[in-house]
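In: Sequence below, structure please.
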Amino acid sequence: MTVPADLCDPALEPTNQEEDCNTQPCAAYWDVGEWSECSRRCGPGTQHRQVICRQVTRVCANGTETSVAVAEELCGSPDGPVTASTCQLKICSQWETRSEWSPCSVPCGVGQRRREVVCVSNQSDVEQDEECNMNLKPDALQNCDMGACARSWFTSLWSQGCSAECGRGNRTRMALCLMDHVTDLPLDSCEGERPPEATSCESGPCQNHLEWYTGPWGQCSAECGNGTQTRSVVCIFNSDGHVEVADREKCSSLSQPITAQPCRLKPCGVQWYVTEWSTCSRSCNGGYRVREVRCLTDNVSPSDRCEPGLTPESREECNRQPCGAEINPSCSDQYHNCMVVVQARLCVYTYYRSVCCASCSRVQKTYPSSLLKNHIRR
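Out: Below you'll find the predicted structure:
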């Protein structure tokens, strides 16, 4: 029972004294820190924390403690709290290819092709590329090699008229070496021989009589479009190929050829050019062959202003002759009169079919075997 202090004798009041107690050391304990951030923003990762074995060495009057790190063995259990753990903040986004490769940007040479590659979340939403592993991103742009660009000869159409009014003359055309791609300018060299730009033509025999002889036309006064060209005209006497110059009066009764005419070397702008025909697709029974047709300007640039009605054909039939019978080279006629064997229709017999192998093989292409058998029955 507690009573007021004035009831006790002050002389007998004990003095305040301190004495040690619980002097045995405190038990060691595990000091566990907070978990670190996950090592990966998405997908399986790892997080760590600090684990230290501590022991209290002093407890102050205000309740605070002083501790030091001690050997892990003092904490009792040989395996302390784990210091590492797996973690996963979210499922990683992945790269997704959403289109096939586009055609190469060039028909020949080295170009590029593309495809669509996007970063997609686990909810199939398109995200920024940074959300996916950039080291694993599939190629969205790639070089493509379509092979060397071919150089082809292009020729204009042959001129309409022969250069000579009688006898042998010439017709002309232009030949250009062009590259299939990148540039349409004339090149120094082209595969194959240069196509001829002149061909002979025949305007009929020159008769043995007086006639006007015309010299070659001079150069056109304009490089393109409408111009004028001139030529010399003389009266000649042609006698079986022997030609003599006569007085102009002797040809006065004949209509004198013109000495000047309008000329047009090429349109000032565009005209059609074609390549040589390709090889026929079949050697017999009808095939087709093709060639490339281009509309080009004076500076050999592509154009769409050529007259559509004058477009040269780019495809035509060829080798329409029927295919001959294919006969085994070892199959030959050994009988001198196999024609009679065929006419008598004896090829149905093994003997005649072997000694007249070639002839019987040809006739089997013409007469069905059923007709030959019917002929024997009769």
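
In: where does the stretch 151-300 of the chain dip in pLDDT?
Out: For the stretch 151-300 of the chain, applying pLDDT under 70 flags the ranges 165-167, 179-189, 206-209, 239-241, 266-267.

In: for it, what spans make up the strands?
Out: 151-155, 168-172, 175-179, 198-202, 210-214, 227-230, 233-239, 242-246, 260-263, 270-274, 287-290, 293-297 (DSSP state E, counting those that start in this stretch).

In: and residue 67, which of those is closest to it?
Out: strand 175-179 (86.2 Å; CB to CB). For every residue, glycine as well, the C-beta is placed using N, CA and C.

In: re earlier: for residue 306, find the nearest of the strands of the stretch 151-300 of the chain.
Out: Per CB to CB, nearest to residue 306 of these: strand 293-297, 3.7 Å.

In: tell me what that closest one is packed against?
Out: Contact analysis of strand 293-297 by 3 or more CB pairs under 8 Å, 6 or more residues apart in numbering; DSSP states H and E lists strand 270-274 as its packing neighbours.

In: ok, residue 283 - how many residues close by?
Out: Neighbourhood size, residue 283 [other CB atoms under 10 Å]: 11.

In: ok, longest strand in this structure?
Out: Identified as the longest strand of the chain according to DSSP state E is strand 51-59.

In: Just the CA atoms of the next helix or strand after that one, as CSV, please.
Out: Using DSSP states H and E, the helix or strand that follows strand 51-59 in sequence is strand 65-69. Provided in CSV are the C-alpha atoms of strand 65-69 (Å, rounded to 0.1, in the frame of the first residue of the first chain):
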residue,chain,number,x,y,z
GLU,A,65,19.6,0.8,-29.2
THR,A,66,23.1,0.5,-30.5
SER,A,67,23.8,-2.6,-32.7
VAL,A,68,26.7,-4.0,-34.7
ALA,A,69,26.9,-6.5,-37.5
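
In: Strand 65-69 pairs with which strands, and in what direction?
Out: With DSSP bridges as the test, strand 65-69 is paired with strand 51-59 (antiparallel).

In: Please save the CA atoms from the partner strand in CSV.
Out: Provided in CSV are the C-alpha atoms of strand 51-59 (Å, rounded to 0.1, in the frame of the first residue of the first chain):
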residue,chain,number,x,y,z
VAL,A,51,20.1,-9.1,-45.1
ILE,A,52,22.5,-8.5,-42.1
CYS,A,53,23.0,-10.4,-38.9
ARG,A,54,23.0,-7.8,-36.1
GLN,A,55,23.4,-7.9,-32.3
VAL,A,56,22.4,-5.1,-29.8
THR,A,57,25.3,-3.9,-27.7
ARG,A,58,23.6,-1.1,-25.7
VAL,A,59,20.2,0.1,-24.8
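
In: can you give me the helices for the chain?
Out: Along the chain, the stretches classed as helices by DSSP state H are 338-343, 350-355, 357-366, 369-377.

In: worst average pLDDT in the ones you listed?
Out: Of all the helices of the chain, mean pLDDT reaches its minimum on helix 369-377 (a mean of 41).

In: if I pick residue 141, what's in contact with it?
Out: Counting by CB atoms under 8 Å, 6 or more residues apart in numbering, residue 141 touches 112-114.

In: Check residue 306 too.
Out: 270-272, 295.

In: Which residue, neighbours along the chain excluded, lies closest to it?
Out: Nearest-residue entry for residue 306: residue 295, 3.7 Å, with adjacent residues in sequence omitted and distances by CB to CB, 6 or more residues apart in numbering.

In: Could you report the separation of that neighbour from residue 125?
Out: Separation of residue 295 from residue 125 (CB to CB, to the nearest Å): 50 Å.

In: With residue 91 instead?
Out: 12 Å.

In: Which one of the contacts of residue 141 is nearest to residue 318?
Out: Residue 318 lies nearest to residue 113 out of those, by CB to CB, at 36.2 Å.

In: The closest residue in space to residue 232 that isn't next to it in sequence: neighbour count?
Out: Using CB to CB, 6+ apart and skipping the chain neighbours, the partner closest in space to residue 232 is residue 215 (4.1 Å). By other CB under 10 Å, 11 other residues sit near residue 215.

In: residue contacts, residue 215?
Out: Neighbour list for residue 215: 231-234 [criterion: CB under 8 Å, 6+ apart].

In: Dump those residues to CSV, plus neighbour count.
Out: CSV is the format used below for these (neighbours: other CB atoms under 10 Å):
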residue, neighbour count
231, 14
232, 11
233, 15
234, 13
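
In: re earlier: was I right to think the residue nearest to residue 306 contacts residue 304?
Out: Yes: Residue 295 lies in contact with residue 304 (CB atoms under 8 Å); the separation is 6.4 Å.
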